[in-house]
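> sequence first, then the predicted structure, then my questions.
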Amino acid sequence: MAAYKVTLLSAGVASFFNALFGMPIAWILARYRFPGRVLLDGLVDLPFALPTAVAGLTLATLFSTTGWYGNWLELFGIKVSYTWLGITVAMVFTSIPFVVRTVQPVLEELSPEFEEAAEILGAGHWQIFRSVILPELAPALLAGTALSFIRSLGEFGAVIFIAGNIAWKTEVISLIIFFVCRSLIILRPVLLLRLFWWYLCCCCLSSMCCNQVLVGDWEDYNDRYLCF
């Protein structure tokens, strides 16, 4: 239960942080042109290109008690490595692009004419954001936050280096699954093969069902609206 608690707590905090700071980053990339914008846009995708093990090793080095950031945070009594806070940092790094890349296209397609019309009618900046922009962004923001949460739950490579797998303290679900699978490989290879076979069958069946539903919906759409 401790592993579930640590995982859900860290993933929840990471998702909230990503939603809070991912939307402003997407706003800056979509609405402003400035020197270094291309660099910032590329850095957002860095967690997708960088191996998670390398990211975890880098974060563990930076936030260790002798690292650049860890040494400075130690002065304020804040310890990141081998705590749930370190797990959260790793999850934030690997999952924040999901929020940015989900919200950014919506902001780019949102016409500024609606904001200008609201401003002409006397609405303030906060009222414009709350009544005009936020309703358009809400579905994308919720979807990006959900993707970020799911990605954080399954994070393994970055977490394993900065968490340390301390019992009842920094154990997460992905690490437990790793050790269970390793024991199954050693002790019960036949059982593991059966589990993999059932997993593969379920994936194929789900893919076939989804494809059938999508094809059926598309054909129904063609029959209703595209046939004259």
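Received, thanks. Numbers count the residues shown, from 1 in each chain.

> show me what contacts Asn165?
Counting by C-beta atoms under 8 Å, 6 or more residues apart in numbering, Asn165 makes contact with Glu171, Leu175. From N, CA and C alone the C-beta is placed, and that goes for glycine too.

> so that it lines up with my notes, have the first residue be 117 from now on.
Got it, the first residue is 117 from now on, which makes the last one we talked about Asn281.

> does it count as helix, strand or coil?
For Asn281, the assignment made with DSSP: H, G, I helix; E, B strand; the rest coil gives coil.

> mind checking pLDDT for it?
We note a pLDDT of 74 for Asn281 in this prediction.

> now Arg304
Looking at Arg304, its pLDDT stands at 61.

> how's the protein carved up into domains?
The record assigns the chain these domain ranges, following automatic domain parsing: 118-303, 306-344.

> ok, Val205 - how many residues close by?
Residue neighbour count, defined by other C-beta atoms under 10 Å, stands at 25 for Val205.

> output the contacting helices and strands for the helix or strand where it lies.
Applying DSSP states H and E as the criterion places Val205 in helix 200-225. For helix 200-225, the elements it packs on are helix 118-147, helix 153-160, helix 162-165, helix 168-178, helix 250-269, helix 273-279, judged by 3 or more C-beta pairs under 8 Å, 6 or more residues apart in numbering; DSSP states H and E.

> most packed of the ones you listed?
Of the helices and strands packed on helix 200-225, the one with the most neighbours on average (mean count of other C-beta atoms under 10 Å) is helix 273-279, at a mean of 24.

> picking that back up, give me the buried positions along the helix holding Val205.
Residues of helix 200-225 classed as buried: 200-220, 222-223 (neighbour count, 16 or more other C-beta atoms under 10 Å).

> coming back round to it: lowest mean pLDDT across the domains of the chain, which one is that?
Mean pLDDT is lowest for domain 306-344 out of the domains of the chain, coming in at a mean of 58.

> who's in contact with the residue nearest to Val215 when sequence neighbours are not counted?
Among residues not flanking Val215 along the chain, Gly138 sits closest, at 3.1 Å (C-beta to C-beta, 6 or more residues apart in numbering). Gly138 is in contact with Ile212, Phe214, Val215, Val216, Val219, Gly260, Ser264, counting by C-beta under 8 Å, 6+ apart.

> against Trp184, how distant is the first one?
Going back to what we said before, that points to Ile212. Distance from Ile212 to Trp184, counting by C-beta to C-beta, to the nearest Å: 21 Å.

> now do Val170
Distance check for Val170 against Trp184: by C-beta to C-beta, it reads 17 Å.

> residue contacts, Ile212?
Neighbours of Ile212 in contact, by C-beta under 8 Å, 6+ apart: Phe133, Asn134, Phe137, Gly138, Ile141, Val160, Pro163, Ser264.

> in these, find the pair that's most separated.
Greatest spacing in these, by C-beta to C-beta: Phe133 and Val160 (15.0 Å).

> closest to Cys320 out of the helices and strands packed on helix 200-225?
Among the helices and strands packed on helix 200-225, helix 250-269 sits nearest to Cys320 (C-beta to C-beta), with 21.4 Å.

> would you point out which residue is most central in this protein?
With distances taken as C-alpha atoms, centre = their mean, Ser264 lies nearest the centre of the chain, 2.2 Å away.

> so who does that residue touch?
If you count contacts by C-beta under 8 Å, 6+ apart, then Ser264 has Ala130, Ser131, Asn134, Ala135, Gly138, Ser211, Ile212, Phe214, Val215 around it.

> mind redoing it with 7 Å?
By C-beta atoms under 7 Å, 6 or more residues apart in numbering, Ser264 lies in contact with Ala130, Ser131, Asn134, Ser211, Ile212, Phe214, Val215.
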